[in-house]
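Undergrad: Using only what follows, build the 3D model:
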Amino acid sequence: MRSGGNPVYGRDVAAPQPALPSRDDHWQSLTRAHFDVLIVGAGINGAVTAAALAAKGVRVAVVDQGDFAGQTSMHSSNLAWGGIKYMENLEFRLVRKLCVARNALMSAYPTAVRETRFLTTVPRGFRWPRWFLYVGAWLYWLIGSFFTRPPRLLSRRQLHQEQPLINVDDSVGGFEYSDAHLIDGDARFVFGFVRGAVEHGAVALNYAKAENLRFDGESWTVDVVDQTANPTPSRRIATVTASILINACGPYADALNATCGIVTRYHHVLSKGVHLNVRRIAEGERILAFFASDGRLFFAIPLGNRSCIGTTDTRTLELPPQTTDDDRQFILDNINAKLRLEQPLTKDDILAERCGVRPLVVAKSAKTAAGDTDWTALSRKHIVEVSTEKRHITIFGGKLTDCLNVGEELVTAVSTLGVPLGDGQPSWYGEGALDERRAWMSAASAHLAETTAARLWRCYGARAHAILEAIQRDPSLALPLYPGVDVLRAEAAYAGRNEYVETVEDFLRRRTHLAQQLSPAELSANDSYSETLNLLFPDRVPN
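TA: Have a look, this model is predicted:
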């Protein structure tokens with residue numbers, strides 16, 4: 001890990017931060033040069049690939065038909081975990097790899113990816129006895145190189161004392177173990193890699209759909225269609241050429257390969273995961289873990305002043321997936337059974353939902369596609385498949401926890417296809433030096449609460465200074481956009497100019513957690529929404 005980067009941009013925080021190219025600048029750049037690599041898809045896989053390659057001096061463009069992290073990468077549980085549940089399937093090699101990846105994230109991002117304790121309740125009659133699960137937790141700790149705090153075994157009485165909300169009537173006790181939590185969310189974390197790529201010279205465009213992909217034997221030509229309605233709703237098209245095409249479309253990867261004639265050994269089956277956000281149901285920062293009625297892990301995760309509960313794990317063929325009443329009822333039934341709530345949660349208590357798919361990798365020869373295999377036991381690993389003949393790479397599967405490995409693997413894959421790598425940066429990820437953070441906290445202390453200042457550093461790194469300068473010029477920008485939620489007016493003004501926000505949802509859902517902490521009625525029922533629009537889009541909305 002380099003000592004001089006920051007969590008968003010991966011560059012020396014002491015150096016002046018140059019202005020980033022505008023979206024129109026990126027658009028114009030698409031047709032001005034031949035790219036070494038064009039990446040289609042800007043979720044976590046596409047974002048880390050762009051960041052890693054750009055830092056090595058590779059000429060990179062990354063496009064997405066929606067917003068950055070606009071699909072699977074914004075619907076996770078916001079966890080960076082070593083995959084304790086995969087131990088049941090004896091996938092120790094995968095667990096070891098994920099634990100090492102989790103440890104690397106925690107080391108590289110000590111303020112943004114934090115160790116979090118999981119308080120786990122074991123039901124009576126569970127398929128494994130409590131002592132066996134506890135031994136498994138110790139083995140998990142060992143596999144993870146003792147990087148976190150050790151597990152603890154808890155009796156029913158201790159479990160009740162530590163969290164009285166837990167219904168222990170049908171429990172034999174539990175245990176506590178550690179994994180890690182993305183404090184500011186998955187989509188915000190992904191956007192940091194997009195920004196890192198841009199800082200190192202990459203072209204990055206959201207709402208830019210790749211169409212008519214063709215390979216002439218030496219390079220790829222792709223028509224990129226502007227999907228935005230601003231400044232005009234006209235169909236703007238850029239023709240892009242690149243030596244290598246990388247398919248980082250996640251669950252849509254198979255469809256993209258089909259359109260451009262790429263035949264692969266692997267494909268995806270899709271598991272739908274649904275989370276519901278409700279009022280905060282438990283104090284403290286520990287994650288409450290249970291075994292749901294289907295036997296899989298089920299969580300209640302703190303999210304600011306809310307709790308995120310879930311998840312489901314159901315086979316789906318639908319893209320994008322939709323939350324059903326059965327999904328909602330499954331989650332509500334499980335949380336109501338596991339906790340002693342004064343009032344059981346109902347559908348009326350749901351403030352927000354997140355519904356995504358896990359793209360699970362299988363060989364096309366496997367019987368899973370025909371339903372002959374227990375697909376819920378499929379590995380959550382990723383596979384990088386390279387077509388040397390067609391200079392094409394597909395990234396199958398993957399987890400946010402393993403993102404740094406994906407970036408490094410793609411650098412190697414691109415190199416094997418003949419793209420020269422420069423010396424680049426010592427590393428393309430990681431937070432800034434501790435003394436730089438201390439300097440920021442000192443500078444911000446006169447204007448911002450300590451928790452707000454710390455969050456701004458996590459989210460924006462050295463560019464938080466630009467937000468602070470705006471607040472110094474106009475102290476009203478230090479006020480929260482919405483009462484009770486720590487997102488400042490200055491952040492909306494900054495994001496509208498610097499974070500490629502094209503729709504209000506980009507800001508409310510993916511650059512911040514506002515849409516996950518407030519109900520749609522709360523978001524739109526007062527002057528805050530109009531103020532948000534004015535700050536984000538001053539040229540579009542009359543003051």
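
Undergrad: What separation is there between the closest residue to Tyr252 other than its chain neighbours and Phe396?
TA: Nearest residue to Tyr252 in three dimensions, chain neighbours excluded: Leu319, at 6.7 Å (CB to CB, 6 or more residues apart in numbering). For every residue, glycine as well, the C-beta is placed using N, CA and C. Relative to Phe396, Leu319 is positioned 15 Å away (CB to CB, to the nearest Å).

Undergrad: what about these two, which has more around it?
TA: Neighbour count, other CB atoms under 10 Å: between Leu319 and Phe396, Phe396 has more, with 23 against 14.

Undergrad: The more buried one: which element?
TA: strand 392-397 (DSSP states H and E).

Undergrad: same check, this time on Val414
TA: Val414 belongs to helix 403-416 when assigned by DSSP H and E.

Undergrad: Contacts for stretch 185-195 next, please.
TA: For stretch 185-195, the external contacting residues (CB atoms under 8 Å, 6 or more residues apart in numbering) are 7-9, 20, 42-44, 47-48, 50-51, 62, 68-69, 73-76, 78, 112-113, 182, 204, 400, 403, 407, 429, 459, 499, 509-513, 516.

Undergrad: Just the buried ones among these, please.
TA: Using 16 or more other CB atoms under 10 Å as the burial test, these include 7-9, 20, 42-44, 47-48, 50-51, 62, 68-69, 73-76, 78, 112-113, 182, 204, 400, 403, 407, 429, 459, 499, 509-513, 516 as buried.

Undergrad: Indicate each strand paired with the longest strand anywhere in the chain and its parallel or antiparallel sense.
TA: What stands out as the longest strand in the chain, according to DSSP state E, is strand 266-279. Strands adjacent to strand 266-279 in the sheet, as given by DSSP bridges, are strand 306-310 (antiparallel), strand 314-316 (antiparallel), strand 352-363 (antiparallel).

Undergrad: so which of those comes closest to Arg156?
TA: Within the strands paired with strand 266-279, the stretch nearest Arg156 is strand 306-310; the backing value is 22.5 Å (CB to CB).

Undergrad: residue ranges with poor pLDDT in the stretch 351-500 of the chain?
TA: 366-379, 424-426 (pLDDT under 70).

Undergrad: need the helices for it, in chain order.
TA: 403-416, 434-444, 450-460, 464-473, 489-498 (DSSP state H, counting those that start in this stretch).

Undergrad: How about the third one, which residues are buried there?
TA: Of the residues in helix 450-460, Thr452, Ala453, Ala454, Arg455, Leu456, Trp457, Arg458, Cys459, Tyr460 count as buried by neighbour count, 16+ other CB under 10 Å.

Undergrad: With respect to Leu256, which of the residues you listed is nearest?
TA: Using CB to CB, these come closest to Leu256 at Cys459, 31.0 Å.

Undergrad: Look up the closest residue to Thr312, ignoring the ones flanking it.
TA: Val274 (4.5 Å).

Undergrad: Kindly state the pLDDT recorded for that neighbour?
TA: You'll see Val274 listed with a pLDDT of 97.

Undergrad: swap in Tyr529?
TA: Listed pLDDT for Tyr529 reads 94.

Undergrad: Please identify the helix or strand for it.
TA: In this structure, Tyr529 sits in helix 527-536 according to DSSP H and E.

Undergrad: returning to what we had before: how about the secondary structure of the residue nearest to Tyr252?
TA: Following DSSP: H, G, I helix; E, B strand; the rest coil, the label given to Leu319 is coil.

Undergrad: What residues does it make contact with?
TA: Counting by CB under 8 Å, 6+ apart, Leu319 touches Pro251, Tyr252, Leu270, Val357.

Undergrad: Kindly recompute the last result at 10 Å.
TA: By CB atoms under 10 Å, 6 or more residues apart in numbering, the contact list for Leu319 reads Gln71, Gly250, Pro251, Tyr252, Ala255, Leu270, Val357, Pro359.

Undergrad: before we move on, the earlier item: indicate which one of the helices of the stretch 351-500 of the chain is closest to Gln329.
TA: The nearest among the helices of the stretch 351-500 of the chain, by CB to CB, is helix 403-416 at 33.1 Å.

Undergrad: in the helix holding Tyr529, what's buried?
TA: Neighbour-count burial for helix 527-536, counted by 16+ other CB under 10 Å, picks out Ser528, Tyr529, Glu531, Thr532, Leu533, Asn534, Leu535, Leu536.

Undergrad: which pair in these spans the largest distance?
TA: Pairwise distances across the buried residues of helix 527-536 peak at 12.2 Å for Ser528 and Leu536 (criterion: CB to CB).

Undergrad: All set now, cheers.
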